[in-house]
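[1] show me how the following folds:
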Amino acid sequence: QAPIKATCEDMSCKTGFPEDVHSAVVSRSVHGGQPLLNVRFRSCDGNKKIHFGSSEPEDFRVGEDGVVYAERSFQLSAEPTEFVVSAQDKETQQEWQMRVKLTPEPAFTGASEKDQRKIEEIIFPWQQYKHSSPLKRQKRDWVIPPINLPENSKGPFPQELVRIRSDRDKSLSLRYSVTGPGADQPPTGIFIINPISGQLSVTKPLDREQIASFHLRAHAVDVNGNQVENPIDIVINVIDMNDNRPEFLHQVWNGTVPEGSKPGTYVMTVTAIDADDPNAQNGMLRYRILSQAPSSPSPNMFTINNETGDIITVAAGLDREKVQQYTLIIQATDMEGNPTYGLSNTATAVIAVTDVNDNPPEFTAMTFYGEVPENRVDVIVANLTVTDKDQPHTPAWNALYRMTGGDPTGRFTILTDPNSNDGLVTVVKPIDFETNRMFVLTVAAENQVPLAKGIQHPPQSTATVSITVIDVNESPYFVPNPKLVRQEEGLMAGSMLTTFTAQDPDRYMQQTSLRYSKLSDPANWLKIDPVNGQITTTAVLDRESIYVQNNMYNATFLASDNGIPPMSGTGTLQIYLLDINDNAPQVHPKEATTCETMQPNAINITAVDPDIDPNAGPFAFELPDTPASIKRNWTIVRISGDHAQLSLRIRFLEAGIYDVPIVITDSGNPHASSTSLLKVKVCQCDLNGDCTDVDRIVGAGLGTGAIIAILLCIIILLILVLMFVVWMKRRDKERQAKQLLIDPEDDVRDNILKYDEEGGGEEDQDYDLSQLQQPDTVEPDAIKPVGIRRLDERPIHAEPQYPVRSAAPHPGDIGDFINEGLKAADNDPTAPPYDSLLVFDYEGSGSTAGSLSSLNSSSSGGEQDYDYLNDWGPRFKKLADMYGGGDD
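    Coordinates of the predicted model:
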């Protein structure tokens, strides 16, 4: 490394740079962070805060101590590099500038201590004087150029690098030290310095791939620790060695190339990286292809750019139908591909040959055959098969079919099966066997995309499709359909109306004549002859019928043949009914209301005639001559063709309901007239002409509808009452069924009785005894009907008063309690026999039936009559013999 040379001259004490232009010689290769030179700035006032700057901040940086650093790594050109260093007072914003000129010199590889030249420094003054004091010559600071150290050195360690010393070591005892990453900062201990001699050494091998350079700072102090020199920066550059092989980013690279590509077609790019210095030969890679598989049609179908890794084709003949994929082994070698000194590595490049449309579809046969029944649609009649060598299910393989001849009316279409690529000839319009018995179609097949350029094959393939039409039994059809017949209404039953026949389209089938039947006749007016199709009436045709819409009546008939299978067809007969004057007009509305006086008393009425013009209005309105009171009390005036006005002729008519006959005559030829009754309700009116006694009049003339409504309400009410009575009776029966009512003749002693309540045990004393007294709920004998009371039921007497034991009796009271219970049981006529278990603590009233545990009792049972056992049936016959037989 060449030393930095600088010259300067002494100047009088004036704040600023000592010179306008500063020249320095530096190495041609500059590394980022490398110190290049020191600039000197003189400040006559030691308190000034100076900030340094560079006109080329992207290349050079000036520290606060005046050291100029390189911001990035670059190569100096042969011409001097110039830039401006500025200094600015932070308080007064005063600025000074100096131009710096850097001249490169040839790089020097030796870095040993004896080869280093003495450095001319540009120093900062270490002692300041007052402005009035004369200048003294200042001592110059010391600088060490960058040190280059190869990585992976084998030692021995520690290995001496350089000696650092100060000019003041002649007069003072100095101590040297270094700081920074690699010394006292992680990674620590890599560099050490002899504090006495200033010898800087490295303690272990370095790895450029981990740390490419170290930036240390050297210090010189006296024995008291006082700084005697300004710290200097030491840059140690780790020189790269070829200790890393190239590594591909992927071990397997995938690329594609269309078949038929011309030489020079780009395929893909493979990339490898080398951890060594990319600016040195150690990191400069070169690529080459080691092998190609398969080697057809040529072993060198591809080549690779040895610097960029771009793979391109170099030979023609790529054919996917022959070779679908190529596998290349790619080698990357550093040292610019030097096979002797370079390190290498390999990867695999897989190149898939993609398909292009270089093969047209070809029909597997020249003629295809199919058949279709007539009148069938959406039926596949033939499958057209083709072969295509291109990749399946791609646009270059998918076939499109079209018809080029034989189907002028468009009765067929050809669809493509997406799975098999077959053409499906389909019928889209019905075909009539009687018209066309066979079709011969010409079809063509081509791909979805056009053939690639330069292909010599024709773009499409053609074939012939022969389709036979099969005759089937067709439905008969009526002619015309629908058939329109104009006929006056009123045609009598049994009249011949028209003949409605059908035709059978099957001219080539042997079958009998057609049979006719009626399918739809809403009014049941018509019948059809099953052989000749003659239609006659079965009722009078009426235009005013609800089945006639807009004067038109529709009936549907069926014609059937006897073919296999039988077929039928329908036809509609439309009868347009002409109106005749067969309906007399009627008055509307049928009821009206008016006042007792003449004013206001006008009633507007309308004539209604189901007939149409000219058998309808205008109408003539008049009152009949009889009875005479009609014309005496009323008068009628026509106000239009369909409307008239009825009013009182006399001044006053007593309130009530009056039936006024009105004679209405239409304009038909001949005329039709009728006498219609208009029910007029005459009432008292207020000043506004509104009736005030309508309720009385309406009540007096209660209509039939109101009477029917009242009767319906009464009937519904009676039904509800009857249903309630039935429900109550059924409820009583259910209650009686729950009671234990057994006829003595059917009574057996082993019936299961339901005793609704049971008392608690001896340990259960916390209850209300009154709720458990079942005998209280038994009906007295006096109110029981004869034959209802059970013969074995215990007689009803007053309940004996058994003593009740306290919850916690004294042991001495137990004997008294038992004796008292025994006495009460002996005196109880309802108690069980003496040999039964006696209850000495009350647990309920017990069963209403007597105990059967013993039939022998010490009481007066000997005098008891047991003849009733004979009435209990065969199960108690033994007991009846034992006790009911008297002395025996």
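
[2] what's in contact with stretch 417-431?
    Residues outside stretch 417-431 that contact it (Cβ atoms under 8 Å, 6 or more residues apart in numbering) are 361, 368, 370, 372, 374-386, 388, 392-393, 397-399, 401, 409-416, 439, 441, 443, 445, 465, 467, 469. Where you see a C-beta, it was placed from the backbone N, CA and C, and this is true even at glycine.

[3] cross those residues against strands and list the overlap.
    368, 370, 372, 379-384, 386, 399, 401, 412-416, 439, 441, 443, 445, 465, 467, 469 (DSSP state E).

[4] which among those count as buried?
    368, 370, 372, 381-382, 384, 386, 399, 401, 412, 414, 416, 439, 441, 443, 445, 465, 467, 469 (16 or more other Cβ atoms under 10 Å).

[5] now for the helix ranked longest in the chain, which elements pack on it?
    Using DSSP state H to define each element, the chain has its longest helix at helix 704-738. The contact analysis (3 or more Cβ pairs under 8 Å, 6 or more residues apart in numbering; DSSP states H and E) places helix 704-738 against no helix or strand.

[6] now it, how far from the centre of its chain.
    Averaging C-alpha positions (Cα atoms, centre = their mean, to the nearest Å) puts helix 704-738 59 Å from its chain's average.

[7] domain parsing for this protein?
    The record's domain parsing of the chain by the TED database lists 21-104, 143-239, 247-354, 362-470, 477-578, 586-683.

[8] now those domains as TSV including mean pLDDT and distance to I710?
    Below are the domains of the chain laid out as TSV (pLDDT from 0 to 100; distance: least, Cβ to Cβ, whole Å):
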stretch	mean pLDDT	distance to I710
domain 21-104	84	115
domain 143-239	88	116
domain 247-354	93	97
domain 362-470	89	67
domain 477-578	87	32
domain 586-683	84	19
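
[9] now the ones you listed as CSV including distance to L722?
    Below are these laid out as CSV (distance: least, Cβ to Cβ, whole Å):
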stretch, distance to L722
domain 21-104, 115
domain 143-239, 112
domain 247-354, 95
domain 362-470, 67
domain 477-578, 41
domain 586-683, 38
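
[10] number of nearby residues for A315?
    A315 has 14 neighbours, counted by other Cβ atoms under 10 Å.

[11] kindly apply the preceding question to T501 instead.
    17.

[12] surely it touches G533?
    Yes. With contact defined as Cβ atoms under 8 Å, T501 counts as touching G533 (4.1 Å).

[13] S296 touches K322, doesn't it?
    Yes. If you go by Cβ under 8 Å, S296 and K322 touch, sitting 7.3 Å apart.

[14] how about the contacts made by G198?
    By Cβ under 8 Å, 6+ apart, G198 lies in contact with 163-165, 176, 218, 220.

[15] closest to A87 out of those residues?
    The shortest gap between A87 and any of the contacts of G198 belongs to A218, at 25.5 Å (Cβ to Cβ).

[16] contacts only, for the closest one.
    144, 164, 176-178, 193, 198, 200, 231-234.

[17] please repeat the previous calculation with a cut-off of 10 Å.
    142, 144, 162, 164, 166, 176-180, 183, 193, 198, 200, 229, 231-234 (Cβ atoms under 10 Å, 6 or more residues apart in numbering).

[18] run through the bridge partners of V637.
    Q645 (DSSP bridges).

[19] if I look at it, how far off is G689?
    Going from V637 to G689 by Cβ to Cβ, to the nearest Å gives 19 Å.

[20] with H22 instead?
    Distance from H22 to G689, by Cβ to Cβ: 129 Å.

[21] could I get the full set of helices for this protein?
    Using DSSP H, helices in the chain cover 628-633, 694-700, 704-738, 814-826, 877-883.

[22] rank these by pLDDT, which is bottom?
    When the helices of the chain are compared on average pLDDT, helix 694-700 comes out lowest at a mean of 49.

[23] which ones are touching the nearest residue to R99 once chain neighbours are set aside?
    Leaving aside its chain neighbours, R99 sits nearest to V21 (4.9 Å; criterion: Cβ to Cβ, 6 or more residues apart in numbering). If you count contacts by Cβ under 10 Å, 6+ apart, V21 has them with 82, 98-101.

[24] now, which of those sits nearest S153?
    Nearest member of these to S153, counting by Cβ to Cβ, is V100, at 35.8 Å.

[25] what about the nearest residue to that closest one once chain neighbours are set aside, distance to N669?
    Among residues not flanking V100 along the chain, H22 sits closest, at 5.1 Å (Cβ to Cβ, 6+ apart). For H22, the distance to N669 (Cβ to Cβ) stands at 139 Å.

[26] for the spatially most central residue of the chain, grab phi and psi.
    Closest to where the C-alpha atoms of the chain average out (Cα atoms, centre = their mean) is P418, at 29.0 Å. The phi/psi pair for P418 (degrees, to the nearest 10) reads phi -70, psi -20.

[27] ok, N306 next?
    Torsion angles, degrees, to the nearest 10, at N306: phi -70, psi -20.

[28] what's the burial count for it?
    16.

[29] nearest residue to it in space, please, no chain neighbours.
    R286 (4.5 Å).

[30] what's the closest non-adjacent residue to N338?
    Looking at N338 with Cβ to Cβ, 6+ apart, the closest residue is Q281, at 7.9 Å.

[31] which neighbours do T501 and G533 share?
    Overlap between the contact sets of T501 and G533, as judged by Cβ under 10 Å, 6+ apart, is given by 478, 514, 516, 557, 559, 571.
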